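In: need a structure here:
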Amino acid sequence: MNETDLAAEMRNRAGENFRSGFNCAEALFGAFRELAAPGMEPEVVRMFTGFGGGLGHAGCMCGALTGSVAVLGLLAGRDNPSGDRENCYSLARNFHDRFEQKFEATCCRALNPHPFDTKDHLRHCLKITGNTAKLLAEYLKEKDLLPPGK
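Out: Numbering: from 1, shown residues only. A predicted model of the protein is given here:
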């Protein structure tokens, strides 16, 4: 699958997850879970429920962005305290900066001024979530973080 196809597929998966009722963080992580860790149980998406709405409707860091950083951690993070964390820190910071450049903010309330869970809010979050998934797929490809054959 080429980069364009993968980016479109991940955008669509994240969008479908969001439309089905998952929040932005759940939708994005769920879209990438099978790609990044095929053996991981689907129930792991529960960890991302509190990230929606900018951390539980606090309006802070966008859930699509925090879900993306979780995917980066899954692919490039460490699993023991003596492991190198700087590579993952660099990947997360670089993706954060790309997200901010694309959307002009990282804070949920700045990205989406509509009241939570209104039709306009949900429509806007759907676009952000899908486009973030596309951006992440392109970033993973660029950084050679995709599993072989993807």
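
In: The most centrally placed residue in the chain - nearest residue in space that isn't next to it in sequence?
Out: Nearest to the centroid of the C-alpha atoms of the chain, with distances taken as C-alpha atoms, centre = their mean, sits Ser68, at 2.9 Å. Distance criterion C-beta to C-beta, 6 or more residues apart in numbering; nearest residue to Ser68, sequence neighbours excluded, is Leu136 at 4.7 Å. The C-beta positions use only the backbone N, C-alpha and C, and glycine is treated the same way.

In: ok, that neighbour touching Leu28?
Out: Yes - contact criterion C-beta atoms under 8 Å: Leu136 and Leu28 qualify, at 7.4 Å.

In: more neighbours, these two?
Out: Between Leu136 and Leu28, counting by other C-beta atoms under 10 Å, Leu28 is the more crowded of the two (35 against 28).

In: gap between the residue nearest to the centre of the chain and Phe99?
Out: 7 Å (C-beta to C-beta, to the nearest Å).

In: got any residues that touch both of those two?
Out: Residues touching both Ser68 and Phe99 (C-beta atoms under 8 Å, 6 or more residues apart in numbering) are Thr132, Leu135.

In: re the thing from before, show me the contacts for the residue nearest to Ser68.
Out: Met10, Leu28, Phe32, Ser68, Val71, Phe95.
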